[in-house]
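Participant: just coords:
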């Protein structure tokens, strides 16, 4: 009589637990590595964006400086005066200048500056101003 019984080993539950724990640890390490790589890729993208924004800011500053120079050139009295003459404008005479009341009432600031100018005017101009 031959015995055809199979020999089976009973599995140790500790081995299965340690295998599952090792797989979980490996999965966590892979996830952590992927997270670090993802953060590094994001950092590179942000560095490129910062560099692009810095270039744009430098270009805008250059354009702003050019515009400020252009505005200063266009506002220069030497440029405005000939253009005003072309348009038929002339400088006002002293009799044509009138001060607003809010500037003549106070004793400091603009009123004082205007009062000193008014004091330098001839008598006929002063009479014209007080009308």
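Facilitator: Right, received. Where do you want to start? Since this is a predicted model, take the numbers as computed values, not measurements.

Participant: What strand or helix carries residue 6?
Facilitator: Using DSSP states H and E, residue 6 falls within no helix or strand.

Participant: Neighbours of it, how many?
Facilitator: When neighbours are counted by other C-beta atoms under 10 Å, residue 6 registers 4. Every C-beta, even on glycine, is put in place using the N, C-alpha and C of the backbone.

Participant: ok, it to residue 90 distance?
Facilitator: When C-beta to C-beta, to the nearest Å is the yardstick, residue 6 and residue 90 sit 123 Å from each other.

Participant: Likewise for residue 69?
Facilitator: Distance from residue 69 to residue 90, by C-beta to C-beta: 30 Å.

Participant: can you list the weak-confidence ranges in the chain?
Facilitator: For the chain, applying pLDDT under 70 flags the ranges 1-3, 101-131.

Participant: just the helices in it please.
Facilitator: Assigned by DSSP state H, the helices in the chain fall at 13-75, 77-86, 101-104, 110-119, 123-130.

Participant: Tell me who's in contact with the residue sitting nearest the centre point of the chain.
Facilitator: Closest residue to the average C-alpha location of the chain: residue 57 at 8.3 Å, with C-alpha atoms, centre = their mean. By C-beta atoms under 8 Å, 6 or more residues apart in numbering, the contact set of residue 57 is empty.

Participant: do the same with the one 4 residues further on
Facilitator: By C-beta under 8 Å, 6+ apart, residue 61 lies in contact with nothing.

Participant: what number of residues lie near residue 95?
Facilitator: Neighbour tally, residue 95, other C-beta under 10 Å: 13.

Participant: Report the separation between the nearest residue to residue 79 once chain neighbours are set aside and residue 97.
Facilitator: In this structure, residue 79 finds its nearest non-sequential neighbour in residue 73, 6.9 Å apart by C-beta to C-beta, 6 or more residues apart in numbering. According to C-beta to C-beta, residue 73 and residue 97 sit 28 Å apart.

Participant: Between these two, which is the more surrounded one?
Facilitator: residue 97 (14 against 10).

Participant: if I look at that one, how far off is residue 77?
Facilitator: 18 Å.

Participant: same deal with residue 54?
Facilitator: The value you get for residue 54 to residue 77, if C-beta to C-beta is used, is 38 Å.
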